[in-house]
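Trainee: generate a structure from the sequence data that follows.
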Amino acid sequence: MVRLDRGAGAPLRAQLEEQLRAAVRSGRLAPGTALPSTRSLAGDLDVSRGVVVEAYAQLAAEGYLVGRQGAPTRVSETAARPAARGRPPPEERPPRFDFRPGAPDVSLFPRDAWAASLRRALREAPDVRLDYGDARGAPELRRALTAYLGRARGVACEADGVIVTSGMAQGMALVGRTMLARRKRRIGVEDPGSGPGRAQLVATGLDPVPLPVDRDGLQTDALARAAADVVFVTPAHQFPTGVVLAPARRAALLEWAARAEALVMEDDYDAEYRYDRQPVGALQGLAPDRVIYAGSVSKTLAPALRLGWLVAPEHLVADLARAKAQDDLGTPVMEQLALADFLERGGLDRHLRRTRLVYRRRRDALIAAVERLLPGVRIAGVAAGLHLVAGLPEGTDDEAIVRAARRRGVGLQALAEHRLRRGPPALLLGYGRIAEPAIQAGVRELAAAVGSRP
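Mentor: Below you'll find the model as predicted:
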């Protein structure tokens with residue numbers, strides 16, 4: 001238990017104290033354990049008895065040991081027991097056939113182009129960028145985003161109104177805290193709508209109010225009854241149904257916001273991946289004073305970059321920037337500068353042209369496999385994004401199918417996971433992560449799961 005090193009340079013008493021202390025902390029010496037007498041331990045270690053006496057006295061003073069006249073020295077009953085070392089949860093292994101929605105194929109990440117942008121950013125960044133800066137983000141990225149979002153998404157903004165975030169989750173948290181600070185708690189959410197996104201809003205303290213979605217998107221006639229202070233919406237490609245908010249509904253939503261003096265938070269989800277025509281322009285461009293626009297590179301580049309943005313109405317910018325500063329003082333700057341360079345050099349445009357072709361081929365292969373192997377399924381939501389909706393016959397337990405599929409190595413989601421109210425059963429089949437050659441085999445396993453469920 002104790003080994004003293006006379007050549008270590010540390011005093012023998014200090015070595016003895018530290019090793020006994022470590023033995024108590026680790027649990028090798030349990031509370032109540034009797035230690036050898038000072039004379040006995042000194043003999044075993046070939047040191048003077050005074051070394052052991054002083055070590056025991058020091059550890060008793062620290063509360064590790066207790067000693068009484070005529071009784072052996074023992075480990076204190078109140079000595080810190082070692083923390084329970086339960087096994088860490090195992091890392092989630094991806095399924096053999098990964099149809100889970102909501103994620104891109106990170107193997108397509110443009111490593112060489114990104115590395116070049118990162119090197120340029122590091123080489124050319126002025127010294128001031130290495131200091132604490134504006135919590136809203138590096139001005140280079142805010143200017144680049146202003147140009148890109150205006151050109152690609154029809155967003156109306158100036159660089160001063162852009163706030164760089166560490167992804168969509170932080171953007172939602174900042175908006176939530178800002179709304180609460182203004183005594184606005186009720187947030188309308190699409191139903192069905194993203195379960196994790198809704199949980200993020202609830203975690204900030206907001207009260208979600210479900211608003212139904214149909215084939216034209218959010219049902220705006222429910223807004224008046226909802227009495228919401230802000231509405232969270234995915235107009236370009238609704239998650240999970242895949243529908244686009246119809247023009248009349250877009251106008252009605254903005255008219256309601258102006259009339260109720262409310263706000264709209266626009267999640268520009270999957271807007272860049274449109275396969276039948278040009279992507280629909282952002283809602284924000286029609287009412288910049290009423291819409292908080294939110295986006296990120298998690299779907300277009302990679303979630304690990306942790307880069308996103310808010311484009312806020314002028315009257316909200318200062319409050320959101322203050323909330324961002326309180327959160328983390330700002331998003332890492334070198335990655336911001338790299339993204340600015342990447343945008344300005346057309347890197348994102350080239351990457352999107354490449355990945356659209358890849359994802360479109362996967363989508364087409366998935367549609368063909370589902371139509372061939374699951375003939376009773378109704379396919380929807382195929383015009384954009386990285387997943388499709390497979391509608392099931394009435395009365396089918398979609399969550400039971402997900403469990404049966406998981407046992408066969410197939411990962412997917414049930415539409416029920418994203419509902420607040422009951423609705424028709426359906427499966428969400430993503431094609432962002434699965435290679436094209438594996439799609440047919442994966443759907444065959446899914447078809448077997450559909451047939452074998454209890």
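Trainee: number of nearby residues for the closest residue to residue 228 other than its chain neighbours?
Mentor: Using CB to CB, 6 or more residues apart in numbering and skipping residues adjacent in sequence, the residue nearest residue 228 is residue 188, 3.7 Å away. Every residue, glycine included, has its C-beta placed from N, CA and C. Close neighbours of residue 188, defined as other CB atoms under 10 Å, add up to 26.
Trainee: what do you get for residue 257?
Mentor: 20.
Trainee: quick check, pLDDT for it.
Mentor: Per-residue confidence (pLDDT) for residue 257: 97.
Trainee: okay, and the residue nearest to residue 228 sits in which element?
Mentor: Assigned by DSSP states H and E, residue 188 falls within strand 186-191.
Trainee: hmm, residue 233 and residue 253 touching each other?
Mentor: Yes - in this structure residue 253 lies within contact range of residue 233 using CB atoms under 8 Å: 7.0 Å.
Trainee: pull the distance from the strand holding residue 188 to the chain's centre.
Mentor: Strand 186-191 sits 20 Å away from the centroid of its parent chain (CA atoms, centre = their mean, to the nearest Å).
Trainee: buried residues in the next helix or strand after it?
Mentor: Counting by DSSP H and E, the element after strand 186-191 in chain order, helix or strand, is helix 195-203. Buried residues in helix 195-203, counted by 16 or more other CB atoms under 10 Å: 195, 197-198, 200-201.
Trainee: one more: stretch 221-236?
Mentor: For stretch 221-236, by 16+ other CB under 10 Å, it's 222-223, 226, 228-236.
Trainee: quick check, pLDDT for the residue lying farthest from the centre of the chain.
Mentor: The C-alpha centroid of the chain is most remote from residue 70, which lies 61.6 Å away (CA atoms, centre = their mean). Listed pLDDT for residue 70 reads 81.
Trainee: for it, helix, strand, or coil?
Mentor: Classification of residue 70 by DSSP: H, G, I helix; E, B strand; the rest coil places it in coil.
Trainee: next one: residue 174
Mentor: Going by three-state DSSP: residue 174 is helix.
Trainee: for the one residue sitting closest to the centre of the chain, which non-adjacent residue is spatially closest?
Mentor: Central residue of the chain (CA atoms, centre = their mean): residue 169, 6.0 Å from the mean position. The shortest distance from residue 169 to any non-neighbouring residue, by CB to CB, 6+ apart, is to residue 200 (5.5 Å).
Trainee: circling back to that earlier point, wait, which of the buried residues of helix 195-203 is closest to residue 23?
Mentor: Nearest to residue 23, judged by CB to CB, of the buried residues of helix 195-203 is residue 200 at 45.6 Å.
Trainee: who does the strand holding residue 188 pair with, and is each partner parallel or antiparallel?
Mentor: When pairing is defined by DSSP bridges, strand 186-191 lines up against strand 207-214 (parallel), strand 230-233 (parallel).
Trainee: now the longest one: buried residues?
Mentor: For strand 207-214, a neighbour-count test (16+ other CB under 10 Å) marks 208-211, 213 as buried.
Trainee: need the next SSE after that strand, C-terminal direction.
Mentor: As the chain continues past strand 207-214, the following element, by DSSP H and E, is strand 217-218.
Trainee: next one: that following strand to chain centre, how far?
Mentor: 25 Å.
Trainee: which strands and helices sit next to it?
Mentor: strand 230-233, helix 247-260 (3 or more CB pairs under 8 Å, 6 or more residues apart in numbering; DSSP states H and E).
Trainee: now tabulate those in CSV and tack on distance to residue 55.
Mentor: CSV is the format used below for the helices and strands packed on strand 217-218 (distance: least, CB to CB, whole Å):
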stretch, distance to residue 55
strand 230-233, 63
helix 247-260, 73
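Trainee: please identify the most buried of these.
Mentor: strand 230-233 (a mean of 27; mean count of other CB atoms under 10 Å).
Trainee: what mean pLDDT would you report for that strand?
Mentor: 97.
Trainee: now stretch 267-284
Mentor: Per-residue scores along stretch 267-284 average to 87.
Trainee: need the CA coordinates for it. CSV is fine.
Mentor: The C-alpha trace of stretch 267-284 is given here as CSV (Å, rounded to 0.1, in the frame of the first residue of the first chain):
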residue,chain,number,x,y,z
ASP,A,267,-36.3,28.6,-39.0
ASP,A,268,-35.0,28.4,-42.6
TYR,A,269,-34.9,24.6,-42.3
ASP,A,270,-33.4,22.7,-45.3
ALA,A,271,-34.2,25.7,-47.5
GLU,A,272,-31.2,25.2,-49.7
TYR,A,273,-32.2,21.7,-50.7
ARG,A,274,-35.0,22.1,-53.2
TYR,A,275,-35.2,19.7,-56.1
ASP,A,276,-38.2,20.7,-58.2
ARG,A,277,-37.5,24.4,-58.6
GLN,A,278,-35.6,27.3,-57.0
PRO,A,279,-35.9,27.5,-53.2
VAL,A,280,-38.7,29.6,-51.9
GLY,A,281,-37.5,33.0,-50.6
ALA,A,282,-37.3,33.7,-46.9
LEU,A,283,-40.4,35.0,-45.1
GLN,A,284,-38.2,37.6,-43.4
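Trainee: chain center to it, what's the gap?
Mentor: On CA atoms, centre = their mean, the centre of stretch 267-284 falls 21 Å from that of its chain.
Trainee: show me the domain layout of the chain.
Mentor: The chain breaks down by automatic domain parsing into domains covering 12-75, 97-101+350-452, 124-345.
Trainee: would JSON lines of those with distance to residue 108 be doable?
Mentor: Listed next are the domains of the chain as JSON lines, based on distance: least, CB to CB, whole Å:
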{"stretch": "domain 12-75", "distance to residue 108": "47"}
{"stretch": "domain 97-101+350-452", "distance to residue 108": "6"}
{"stretch": "domain 124-345", "distance to residue 108": "9"}
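Trainee: how much space separates the residue nearest to the centre of the chain from residue 272?
Mentor: 19 Å (CB to CB, to the nearest Å).
Trainee: and what of residue 78?
Mentor: Residue 78 is 60 Å from residue 272, by CB to CB.
Trainee: looking at the two, which has the bigger crowd around it?
Mentor: When residue 78 and residue 272 are compared for neighbours, residue 272 comes out ahead with 21 against 10, by other CB under 10 Å.
Trainee: contacting residues for the more buried one?
Mentor: 152, 279, 299-300, 352, 356 (CB atoms under 8 Å, 6 or more residues apart in numbering).
Trainee: for this structure, which segments count as helices?
Mentor: Secondary structure of the chain (DSSP state H): helices at 12-26, 38-45, 49-62, 111-124, 139-153, 168-181, 195-203, 223-226, 247-260, 314-328, 333-344, 347-373, 398-407, 439-452.
Trainee: in a markdown table: these, plus distance to residue 308.
Mentor: Below are these laid out as a markdown table (distance: least, CB to CB, whole Å):
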| stretch | distance to residue 308 |
| --- | --- |
| helix 12-26 | 43 |
| helix 38-45 | 61 |
| helix 49-62 | 49 |
| helix 111-124 | 17 |
| helix 139-153 | 10 |
| helix 168-181 | 5 |
| helix 195-203 | 13 |
| helix 223-226 | 27 |
| helix 247-260 | 23 |
| helix 314-328 | 11 |
| helix 333-344 | 10 |
| helix 347-373 | 14 |
| helix 398-407 | 29 |
| helix 439-452 | 30 |
